[in-house]
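Asks: Let me see the structure of the following:
(2 chains)
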Number of protein chains: 2
Amino acid sequence: MNSNNPATMPAAVSPAPTISTPPDAAWLDAVAWDAQGLVPVIAQDAVSGEVLMFAWMNRESFFLTVAEGRAVYWSRSRSRLWRKGEESGHVQWIKEIRLDCDHDVVLLKVEQVSGMACHTGRKSCFFQRLEAGVWQVVDPVIKAPEDIYK
Amino acid sequence: MNSNNPATMPAAVSPAPTISTPPDAAWLDAVAWDAQGLVPVIAQDAVSGEVLMFAWMNRESFFLTVAEGRAVYWSRSRSRLWRKGEESGHVQWIKEIRLDCDHDVVLLKVEQVSGMACHTGRKSCFFQRLEAGVWQVVDPVIKAPEDIYK
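Replies: Residues are numbered from 1 along each chain as shown, chains lettered A, B, ... in the order given. Model (predicted):
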C-alpha cells in the first residue's frame, strides 16, 4: 500500500494549498496586526473552558482558520503556516472566534480532537504550576509523544 | 477630607514602590523571556474559566505579581509597571500561576474584583465575536467606563 496515497490519509491532516495573496476582508482589516504582521491567539476548549495553548496568526492563517473551520497558525520558529494537527492529527475545530477590546488578541473556542493540544501529549500546554517558588508539573501525559509523532 | 490621604484609600489600589534591580529567582530564570524581556500573559477567571484579558509581564512585574498576590503587568504603551486595578479598583487576585510547555507563556487564574476585567466595563476583553464575517459586540457593559475611571 502506498502510504502517500491521499485516499488513505485522514482528511483532517492532509496538507492544503497555501494562498499567495493576503485575502481582502473587512474583518481581517479590523485586526490590529503587530509590526511583524502577527496577532497573538489563545485557544480554549469550547466545552471545559480550559486554556489549551497560545500561538500566533498572520493574515493568511487567520483567513484560512475561518475558511477551513480549523485552527491554522503561523509558526514563527518555522516561518510557515501551521495547521494545528497536521502531524499529530490533533486538529482544533473552530466553535467560536473572539477579538479583544484593543483588536490585537484573538480567542478561539475549539473542539480539541483527541483532547490533547500539547506536543508533550498533555491536554493543555499549561501543565506547570508555580508552587512555593518552584514550577511543578501537575498534569499527566495522556499519550507519549513518540506514539503521537510517528 | 484630603482625598490624597493614604489612610482613606483602599489598600488594593494604593501605589506600591517599584524595585530597581531585577529579582534573582530560579523560577524567574525558567521563563523564556522574549527579546524585549517580556512574556505574554493570559488572565482567566479562576471560577468560571472565562478568559478575561491578555497582557505582558517583565521580570520585575512577574516578581511583584507573586510577591503581592495580585496581577502586576508591564504596560508596553506606557512603559511602566501596571498594577491591574490601580485606577479602576478592579484588582486581580492570584489563585494560580501556570507556565506553558515552551516556558514562554504565562496563565494566571484570578479572582477578578468587581467581575470586570475590561476597561470598557465588561467582564472580559473578548466581547467581540466573529459572526458571518462581521465582528459583533455580544457581551454587555456592566458599568460605564466614566463611572469606573473618575
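Asks: what about the strands in chain A?
Replies: A:38-45, A:51-58, A:72-75, A:80-83, A:92-99, A:106-112, A:128-131, A:134-137 (DSSP state E).
Asks: Would you point out which residue of chain A is nearest chain B?
Replies: Nearest residue of chain A to chain B: residue A:49, at 2.9 Å (CB to the nearest CB). C-beta here means a position set from N, CA and C on the backbone, and glycine is covered the same way.
Asks: Residue B:130 versus that residue, what's the distance?
Replies: To residue B:130, residue A:49 is 19 Å away according to CB to CB, to the nearest Å.
Asks: neighbour count winner among those two?
Replies: Between residue A:49 and residue B:130, residue B:130 has the larger neighbour count (other CB atoms under 10 Å in any protein chain shown), namely 19 against 14.
Asks: in the sheet, who's paired with that one?
Replies: Beta-bridge partners recorded for residue B:130 (DSSP bridges): residue B:135.
Asks: Low-confidence stretches in chain A?
Replies: A:1-22 (pLDDT under 70).
Asks: How about the residues of it by chain B?
Replies: Within chain A, the positions adjacent to chain B are A:25-27, A:30, A:40, A:42, A:44, A:48-51, A:53-54, A:66, A:96-102, A:105, A:107, A:118-120, A:122, A:125-130, A:133-135 by CB under 8 Å from any CB of the partner chain.
Asks: Give me the buried positions along the longest helix anywhere in chain A.
Replies: As assigned by DSSP state H, the longest helix anywhere in chain A is helix A:59-68. Buried positions in helix A:59-68, judged by neighbour count with 16 or more other CB atoms under 10 Å in any protein chain shown: A:59, A:60, A:61, A:62, A:63, A:64, A:65, A:66.
Asks: follow-up on the earlier one: of the residues of chain A next to chain B, keep whichever come out buried.
Replies: Neighbour counting by 16+ other CB under 10 Å classes A:27, A:40, A:42, A:44, A:50-51, A:53-54, A:66, A:97-101, A:105, A:107, A:118-120, A:122, A:125-130, A:135 among the residues of chain A next to chain B as buried.
Asks: Contacts only, for residue A:111.
Replies: With contacts defined as CB atoms under 8 Å, 6 or more residues apart in numbering or on different chains, residue A:111 is in contact with A:45, A:46, A:47, A:92, A:93, A:95.
Asks: JSON lines for the residues you listed, including neighbour count?
Replies: Conversion of the contacts of residue A:111 to JSON lines gives the following (neighbours: other CB atoms under 10 Å in any protein chain shown):
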{"residue": "A:45", "neighbour count": "20"}
{"residue": "A:46", "neighbour count": "17"}
{"residue": "A:47", "neighbour count": "11"}
{"residue": "A:92", "neighbour count": "27"}
{"residue": "A:93", "neighbour count": "17"}
{"residue": "A:95", "neighbour count": "14"}
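Asks: Cheers, nothing more for now.
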